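K.L.:
Pasted the sequence and its predicted model underneath.
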Amino acid sequence: MGSMPELPEVETIRGQLATTLEGRWVRCAWARSGPRWDEAASVEGALVTGVRRRGKFLILAHDSEAGERDLVVHLGMTGQLCLGGRPGPDPHVHVVLRLDSGEHVSYRDVRKFGRWRVTPRGDYARIQSLARMGPEPLSTSFCLDAFTAELTKEGAPVKARLLLQRIVGGLGNIYVDEALHAAGVHPARRFLDADECARLHRSIQEVLETSLAAGGTTFRDYLNANGSRGTNVSNLRVYGRAGQECTVCGSVLSRLLVAGRSSVLCERCQVP
DNA sequence: CGGGGTTCCTGGCCGC
DNA sequence: TGCGGCCAGGAACCCC
């Protein structure tokens, strides 16, 4: 069982990196060879002008000789961005950025699902899931009417649609399961009514805000940019709790494969 | 086009 | 104890 960085985890890292990186020159950019990371090397000599986030993507806006560009980072399953480095050689470190301040940021990713891409500023044509990403769930652009219009249409299971990032950005397996449980919606449902959409819309925001306040969920791998754990595990109601009791009704939580993803739910609270 | 399946990758864990 | 096999999962990719 992993714990991929989702919106609250990436946002926590973003805030920590912003302070260190914004306004700094990248003195040296090292990247291990390979299509997932080697574009990172091209930010050497650039000025970092902004550290942003969109969904689960971290975006380092920078000015270089090649113009205004974005370094777009997706942490995949086990990607970690760490201020300062660990002592000694580490075969799982794939990128290191050294700054003019003397500080450095290292990227460690055991399962190698993460990706680094460099794009012209704001041009994400090469990164489909970013280009097509739905609204930010914690912004006013996350409109209930549009959300309802999508999910009242019959289609793939609601869990699959939320994981696709197109209806709303930033959710992964943990927070989809948590939001569906909080809203009383079964993950395999292929359309919702308006009340269910409203509950789910609210639950998504609540679940993410709660986790953000806790610095994210460290289930196993996630560490923030200072190497610390998030404490949101204590707020989880379903993820990682199959076989335990539902905190709402006391039934035993079950595991179910939906959209090829392991899902945990309460069969009493979340009716098919 | 959408929906579903497959693939990548490795450490941890389970069972024999 | 050792080892094979399975599992976790975001999103690109492929097929129908």
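P.N.:
Ah, there it is. A quick note: this is a predicted structure, and the numbers were derived from the prediction, not measured.
K.L.:
residues from chain A in reach of DNA strand B?
P.N.:
Within chain A, the positions near DNA strand B by C-beta under 7 Å from any atom of the strand are A:Met77, A:Val110, A:Arg111, A:Lys112, A:Phe113, A:Gly155, A:Ala156, A:Pro157, A:Ala160, A:Arg161, A:Ala259, A:Gly260. C-beta: built from backbone N, CA, C; applies to glycine.
K.L.:
Run through those residues and flag the ones next to DNA strand C.
P.N.:
Among these, DNA strand C is touched by A:Met77, A:Arg111, A:Phe113, A:Gly260 when using C-beta under 7 Å from any atom of the strand.
K.L.:
quick one: which helix or strand includes the first one?
P.N.:
When you say that, I think you mean A:Met77. For A:Met77, there is no helix or strand it lies in under DSSP states H and E.
K.L.:
Check the ones next to DNA strand C among the residues of chain A next to DNA strand B for burial and list the buried ones.
P.N.:
In those, burial by neighbour count holds for A:Met77, counting by 16 or more other C-beta atoms under 10 Å.
K.L.:
thinking again about what came up before, just the residues of chain A next to DNA strand B: which are in helices?
P.N.:
Among the residues of chain A next to DNA strand B, the residues falling in helices (DSSP state H) are A:Ala160, A:Arg161.
K.L.:
In CSV, list the residues of chain A next to DNA strand B along with pLDDT.
P.N.:
As requested, these are exported to CSV (pLDDT from 0 to 100):
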residue, pLDDT
A:Met77, 93
A:Val110, 94
A:Arg111, 94
A:Lys112, 95
A:Phe113, 95
A:Gly155, 96
A:Ala156, 96
A:Pro157, 96
A:Ala160, 96
A:Arg161, 97
A:Ala259, 84
A:Gly260, 87
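K.L.:
Mind picking the two most distant members of the residues of chain A next to DNA strand B?
P.N.:
Greatest spatial distance among these (C-beta to C-beta): A:Val110 and A:Gly155, at 34.6 Å.
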